[in-house]
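1. just need the structure, nothing else, for what follows:
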Amino acid sequence: MAKAPFKKVGLLGKIDDRGARQTLETIINALTHRGYDVAVEQRCADQIGDGYGPQTLSLSEIGDWADLAVVVGGDGNMLGAARALCEHDVGVIGVNRGNLGFLTDLDPDEVMTPLLAVLGGDYSIEERFLLNTEVVSNGAVAGQGSAINEVVLHSDKVAHMIEFEVYVDDHFVFSQRSDGLIVATPTGSTAYSLSGGGPILHPNLDAITLVPMFPHTLSSRPIVIDANSEVRLRAAYDNDLLQISCDGHVRMAVHPGDDIVISKHRKTLTLIHPVDHNYYHVLRNKLGWGSRLF
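-> Here you go, the predicted structure:
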């Protein structure tokens, strides 16, 4: 059954090569020719150059104005857009101009047919939750960030072991000496967490994973917990300065004795997919799994 069509389309992304620019220009020309209201994010418009295309808006203004945001780029561009656009009631769809493209559905070489179908109401909706992170120092919040993929506690030095405690809903879970800990959403389970040996979580699961990074003991293993839990990490007092990274982008300093409180974000990201989107097909394609035998 067809859903409500989209009328106002916001376009954004990092136009860092000729192919990405051509994809964006193709979308702009096709949509304006068909009478859609189109706006380009200001930084993206600056990369294209003056005098081209429709109106320009800031990312926040696109979140308020648009029915659908189309991100041209890779998963990194989608992550940046997600952290901002989750605060607004706008759906997001991606055109893959990156490498793997777990979050970007549309093929840039054949973008208009599925995009026009989506705009006409032929699409599916998926909600992805984010993680909210606070660094608490001496009882006060010293830093805050959000992540759609993962929150990582690590040293500010390369290959340096740290020590910390982990609590879930105020229950002590374990202490650990390792290079750090990855706290990942289902969205992030196919990103950094996967490289660290974490499990793949289906996006519909309301769960998060705690994945040790090169732990000092072989008994340390990833654990999957309820996403509605509050995770508290406490940095041991004999550590040097540590860091918390949110999606590898937002970084906050963590001093010895500080707490890091991680919980589900109050907002979700609304992903828009073509109707033929299949998560298992994405996994097979991106991870090189075998095709069916029969």
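2. which element is the closest residue to R83 other than its chain neighbours on?
-> Once flanking residues are discounted, R83 sits nearest to S146: 5.4 Å by CB to CB, 6 or more residues apart in numbering. From N, CA and C alone the C-beta is placed, and that goes for glycine too. Using DSSP states H and E, the element containing S146 is strand 140-147.
3. contacting residues around that strand?
-> 83, 86, 130-136, 151, 185, 188, 244, 246-247, 250, 252-253, 258, 265 (CB atoms under 8 Å, 6 or more residues apart in numbering).
4. narrow those to those in strands?
-> Judged by DSSP state E, these include 130-136, 151, 244, 246, 250, 252-253, 265 as members of strands.
5. list only buried entries from these.
-> 130-136, 151, 244, 246, 250, 252, 265 (16 or more other CB atoms under 10 Å).
6. can you pick out the most distant pair from these?
-> By the measure CB to CB, L130 and V136 form the most distant pair in those, at 19.3 Å.
7. which ones are touching the closest residue to Q55 other than its chain neighbours?
-> Using CB to CB, 6+ apart and skipping the chain neighbours, the partner closest in space to Q55 is A39 (4.9 Å). With contact set as CB under 8 Å, 6+ apart, A39 has these partners: 8-11, 54-57, 61-62, 65-66.
8. A39 looks like it's in a strand, true?
-> Yes: A39: assigned to a strand according to DSSP: H, G, I helix; E, B strand; the rest coil.
9. show me what it bridges to in the sheet.
-> A39 has these beta-bridge partners by DSSP bridges: G10, Q55.
10. mind jotting down where the helices sit in the stretch 1-150 of the chain?
-> 18-33, 42-48, 59-65, 75-85, 112-119 (DSSP state H, counting those that start in this stretch).
11. please work out which of the ones you listed is packed deepest.
-> helix 75-85 (a mean of 23; mean count of other CB atoms under 10 Å).
12. ok, and what's touching that helix?
-> Contacts of helix 75-85 (CB under 8 Å, 6+ apart): 12-14, 59-60, 62-63, 69, 71, 92, 94, 97-98, 100-104, 128, 130, 146-149, 191, 247, 249, 269.
13. show the buried residues in these.
-> 12-14, 59, 62-63, 69, 71, 92, 94, 97-98, 101-104, 128, 130, 146-149, 191, 247, 269.
14. which strands or helices does the lowest-mean-pLDDT helix or strand in the chain pack on?
-> The least trusted helix or strand in the chain, going by mean pLDDT, DSSP states H and E, turns out to be helix 42-48, with a mean of 83. With contacts taken as 3 or more CB pairs under 8 Å, 6 or more residues apart in numbering; DSSP states H and E, helix 42-48 sits against strand 8-13, helix 18-33, strand 55-57.
15. how about a cut-off of 6 Å?
-> Contacts defined by 3 or more CB pairs under 6 Å, 6 or more residues apart in numbering; DSSP states H and E place helix 42-48 against no helix or strand at all.
16. picking that back up, out of the buried ones among the ones in strands among the contacts of strand 140-147, which is nearest to I225?
-> Taking CB to CB as the measure, L131 is the one of those closest to I225, at 12.3 Å.
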